[in-house]
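how does the following fold in three dimensions:
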Amino acid sequence: MITDPPKTRLFYGWFVVAAAFVVTFIGFGSAYTFSSFVDSLQRDFGASRGSVSLVFSFAGFLYFGLGMISGPLADRWGARNLGALGMVLVGLGLGLASQAQTIVQVYAAYSIGIGAGVGCAYVPTLGAVQRFFVKRRGFASGLAVSGIGVGTLVMPPLATWLIATLGWRDAYLVLGIGAAAIGVGSSLLIADDPRRFGTGPDGDPLDARAAAPTRQGVSIREAVRTARFAGLYAACLISAFGVFVPFVHLVPYAVDHQVTPGVAVLLLGMIGIGSTAGRFFLGGIADRVGRDTFLVAMYIGMAVSLAIWAGAGGFRSLAVFALLFGLFYGGWVAILPAVVTDHFGGRNVGGIIGILYTSVAIGTLLGPSAAGFAFDISHSYFIPVAISAAANAVAALIAAATMRSRSPVVSLALNDL
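Sure thing, here's the model as predicted:
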């Protein structure tokens with residue numbers, strides 16, 4: 001049985017943020033190692049590159065879509081238990097991939113293990129962070145999810161080195177053992193309520209006012225029936241169709257424009273750098289300018305950067321796109337959980353975020369594939385990239401319109417007066 005984390009003089013919310021950073025680092029970093037294994041898998045199993053995008057899409061659909069299940073379970077059983085289970089599944093998926101005898105078995109182990117593992121851990125861990133912060137919620141969320149960007153930068157090169165040193169099978173095994181050990185160990189630091197440690201959110205003294213926001217909030221059923229949730233869902237859904245297109249098609253686009261493959265791959269790293277910067281630094285700005293306004297700005301920023309991509313023709317312009325897009329994408333990912341908690345409260349935040357992220361799951365599954373089919377028909381990426389930019393512009397308009405509706409938590413507080 002897992003025991004409670006020890007009490008400490010330092011506000012415990014920062015330990016939860018650190019744990020969330022490691023969990024997202026391990027989970028998403030493991031997901032992005034797949035590209036490092038492609039050459040080895042092609043050589044041993046005769047796999048086609050065309051199947052790789054489907055593996056990513058399926059894994060992405062699982063880890064965003066399963067938040068609908070893991071979020072409510074975490075609200076009931078605790079985020080720590082779901083986080084630890086997810087890290088075990090990530091490690092198990094990588095370990096099983098090392099024993100695969102066919103490429104289908106590798107794909108199944110990777111897609112299901114990584115997808116289900118991250119799906120179990122991601123939303124519950126983010127939900128736990130939200131309950132420990134109010135005034136600095138955007139900053140804390142940004143730090144927590146910056147593990148995704150850092151994992152994207154660190155884990156693929158590590159996997160490449162392990163493959164060169166040990167071979168792809170032992171590389172998968174080492175990564176699996178490390179993911180399970182480090183991920184589960186970090187998950188044990190996660191907690192759900194600052195009152196367990198003698199404080200309210202943000203480390204404020206524990207009193208009625210400080211403790212109230214921690215578990216105040218509407219039910220999941222009440223939340224999904226509001227205009228505020230409908231607007232957030234629609235904006236995320238429309239945006240997500242374009243947001244994940246660069247992760248699959250930016251490198252082929254660059255190669256089509258006479259950028260060498262080795263240099264083109266660096267563009268994904270630039271998205272990771274921009275994304276890490278956005279998650280680290282923009283969350284604090286959101287706390288000052290207003291998190292709703294900041295969310296609209298992130299959609300506008302992604303729309304503008306995607307428009308730059310539509311007209312880009314060389315490495316320099318593509319690098320500008322990659323850095324800008326990563327910055328705004330990172331800010332979007334960082335602020336969404338905080339916005340949800342602001343408007344629906346912390347009582348059922350895991351379940352509400354999980355349902356909201358089904359919109360992102362649909363976009364992850366369909367957007368990159370639709371862009372590929374559009375390219376097959378037109379032999380150009382202009383149309384799918386332009387549509388991606390327009391989709392984010394529409395998402396910004398929807399998010400701005402949604403700001404005009406009353407927050408359900410505000411309505412709940414007024415009813416309690």
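
how far does the helix or strand residue 327 falls within sit from its chain's centre?
Assigning secondary structure by DSSP states H and E places residue 327 in helix 315-344. When C-alpha coordinates are averaged (C-alpha atoms, centre = their mean, to the nearest Å), helix 315-344 and its chain have centres 11 Å apart.

that one - contacts with which helices or strands?
Packing contacts for helix 315-344, counted by 3 or more C-beta pairs under 8 Å, 6 or more residues apart in numbering; DSSP states H and E, involve helix 103-131, helix 137-166, helix 227-243, helix 245-256, helix 266-289, helix 291-311, helix 349-378, helix 408-416. The way it works is simple: take the backbone N, C-alpha and C, and place the C-beta from them, glycine included.

report all helices and strands that the fifth one contacts.
Read it as helix 266-289. Identification of packing neighbours for helix 266-289 by 3+ C-beta pairs under 8 Å, 6+ apart yields helix 137-166, helix 245-256, helix 291-311, helix 315-344.

go with 6 Å
If you count contacts as 3 or more C-beta pairs under 6 Å, 6 or more residues apart in numbering; DSSP states H and E, helix 266-289 packs onto helix 137-166, helix 315-344.

what's the angle from the first one to helix 266-289?
Computed with axes from the mean of the first three to the mean of the last three C-alpha atoms, to 10 degrees, the direction of helix 137-166 lies at 160 degrees from that of helix 266-289.

quick one: buried residues of helix 137-166?
Of the residues in helix 137-166, those with enough neighbours to count as buried (16 or more other C-beta atoms under 10 Å) are 137-153, 155-156, 158-160, 162-163.

how far away from the center of its chain is that helix?
On the basis of C-alpha atoms, centre = their mean, the separation between the geometric centre of helix 137-166 and that of its chain is 12 Å.

what's near enough to touch residue 156?
By C-beta atoms under 6 Å, 6 or more residues apart in numbering, residue 156 lies in contact with 32, 33, 36.

before we move on, the earlier item: now tabulate the helices and strands packed on helix 266-289 in TSV and tack on mean pLDDT.
As requested, those are exported to TSV (pLDDT from 0 to 100):
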stretch	mean pLDDT
helix 137-166	85
helix 315-344	91
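
could you redo the ones you listed as CSV and give each row distance to residue 78?
CSV is the format used below for those (distance: least, C-beta to C-beta, whole Å):
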stretch, distance to residue 78
helix 137-166, 17
helix 315-344, 17
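
quick revisit: most neighbours among the contacts of residue 156, please name it.
Counting neighbours by other C-beta atoms under 10 Å, residue 33 leads the contacts of residue 156 with 25 neighbours.

on that earlier part again, just name the most buried of the helices and strands packed on helix 315-344.
With neighbours defined by mean count of other C-beta atoms under 10 Å, none of these is more surrounded on average than helix 103-131, at a mean of 26.

can I get the helices and strands packed on helix 315-344 in TSV with distance to residue 24?
As requested, these are exported to TSV (distance: least, C-beta to C-beta, whole Å):
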stretch	distance to residue 24
helix 103-131	7
helix 137-166	3
helix 227-243	17
helix 245-256	16
helix 266-289	9
helix 291-311	18
helix 349-378	14
helix 408-416	26
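
those: lowest mean pLDDT?
Comparing mean pLDDT across those, the weakest is helix 408-416, with a mean of 49.

check the offset of stretch 358-374 from the chain's centre.
Put simply, stretch 358-374 sits 16 Å off its chain's centre (C-alpha atoms, centre = their mean).

what sits up against that stretch?
57, 60-61, 64-65, 68, 233, 236-237, 240-241, 244-245, 248-249, 383-384.

output it as PDB - backbone C-alpha positions only.
The C-alpha trace of stretch 358-374 is given here as PDB (Å, rounded to 0.1, in the frame of the first residue of the first chain):
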ATOM      1  CA  THR A 358     -10.800  13.900 -26.100                       C
ATOM      2  CA  SER A 359     -11.000  16.900 -28.500                       C
ATOM      3  CA  VAL A 360      -7.200  16.900 -28.700                       C
ATOM      4  CA  ALA A 361      -7.200  13.100 -29.200                       C
ATOM      5  CA  ILE A 362      -9.500  13.400 -32.200                       C
ATOM      6  CA  GLY A 363      -7.300  16.100 -33.700                       C
ATOM      7  CA  THR A 364      -4.200  14.000 -33.100                       C
ATOM      8  CA  LEU A 365      -5.700  11.000 -34.800                       C
ATOM      9  CA  LEU A 366      -7.200  12.800 -37.800                       C
ATOM     10  CA  GLY A 367      -5.300  16.000 -38.500                       C
ATOM     11  CA  PRO A 368      -1.900  14.700 -39.600                       C
ATOM     12  CA  SER A 369      -3.500  11.900 -41.700                       C
ATOM     13  CA  ALA A 370      -5.800  14.400 -43.400                       C
ATOM     14  CA  ALA A 371      -2.900  16.600 -44.200                       C
ATOM     15  CA  GLY A 372      -1.100  13.600 -45.800                       C
ATOM     16  CA  PHE A 373      -4.100  12.700 -47.900                       C
ATOM     17  CA  ALA A 374      -4.400  16.400 -49.000                       C
END
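
could you tell me how many residues sit around residue 216?
For residue 216, the count of nearby residues is 15 (other C-beta under 10 Å).

who touches it in this structure?
The neighbours of residue 216, taking C-beta under 6 Å, 6+ apart as the test, are residue 345.
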